[in-house]
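Engineer: got a predicted model here, sequence first, then my questions.
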Amino acid sequence: MSTKTKPTIIWALYAASLVALLTSFVAVVLAYVWRSNDPGYKAVYEKQIRRFWIAGLGWALGLSLFLVAAFTDTRPAGSGIPLLGNVGLLVIVATQLWFGLSALISMFLIPEPSDTGRARNKFA
């Protein structure tokens, strides 16, 4: 097994979340588990974990906006989603695209392992 296999698996699961949303949760659990077992890629795992939580904030913000719009809408039923709900959906979609596509790009930019655990490549 190549030394880059584990970080690549996590990036691939993140990228797969564009289609199957739950794969990102499996990936972040693997990143937490493998972070202590693979010190050469510790910085890469920390980047993967940080990216998951940043995306989680985006998902939470978008969902919050959507729910606030849905529960505070006073228009007649069936008249559509108010503007705030559309903004919430846009935030969710933009976050998901950023998360999945950046993972897809990072999958090909994984640096070589280092003894210090610090990545030489800033993107991956």
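Structural biologist: Yep, that arrived. The shown structure was predicted, so the numbers you read here are calculated from the model rather than taken from an experiment.

Engineer: which helix or strand contains Phe99?
Structural biologist: helix 83-106 (DSSP states H and E).

Engineer: now do that helix: which elements does it pack against?
Structural biologist: Other elements packing on helix 83-106 under the criterion 3 or more Cβ pairs under 8 Å, 6 or more residues apart in numbering; DSSP states H and E are helix 5-16, helix 42-72. To be clear about C-beta, it is placed using only N, CA and C from the backbone, and glycine gets the same treatment.

Engineer: deepest of these, which one?
Structural biologist: Mean neighbours per residue, mean count of other Cβ atoms under 10 Å, is largest over the helices and strands packed on helix 83-106 for helix 5-16, with a mean of 21.

Engineer: tell me the secondary structure at Ile110.
Structural biologist: Under DSSP: H, G, I helix; E, B strand; the rest coil, the three-state class of Ile110 is coil.

Engineer: next one: Ala103 from Pro39, what distance?
Structural biologist: According to Cβ to Cβ, to the nearest Å, Ala103 and Pro39 sit 22 Å apart.

Engineer: please disregard the earlier target; I meant Ile105.
Structural biologist: In this view, Ile105 and Pro39 are 25 Å apart by Cβ to Cβ.

Engineer: over to Ile10?
Structural biologist: On the measure of Cβ to Cβ, Ile10 and Pro39 end up 16 Å apart.

Engineer: Tyr45: what's it in contact with?
Structural biologist: Residues counted as contacts of Tyr45 (Cβ atoms under 8 Å, 6 or more residues apart in numbering) are Pro7, Ile10, Ala31, Tyr32, Trp34, Arg35, Asp38.

Engineer: wait, isn't the second one in contact with Val26?
Structural biologist: No: between Ile10 and Val26 no contact is recorded; they are 9.1 Å apart, counting by Cβ atoms under 8 Å.

Engineer: more neighbours: which of Ala103 and Pro39?
Structural biologist: Taking neighbours as other Cβ atoms under 10 Å, Ala103 and Pro39 compare with Ala103 leading, 25 against 14.
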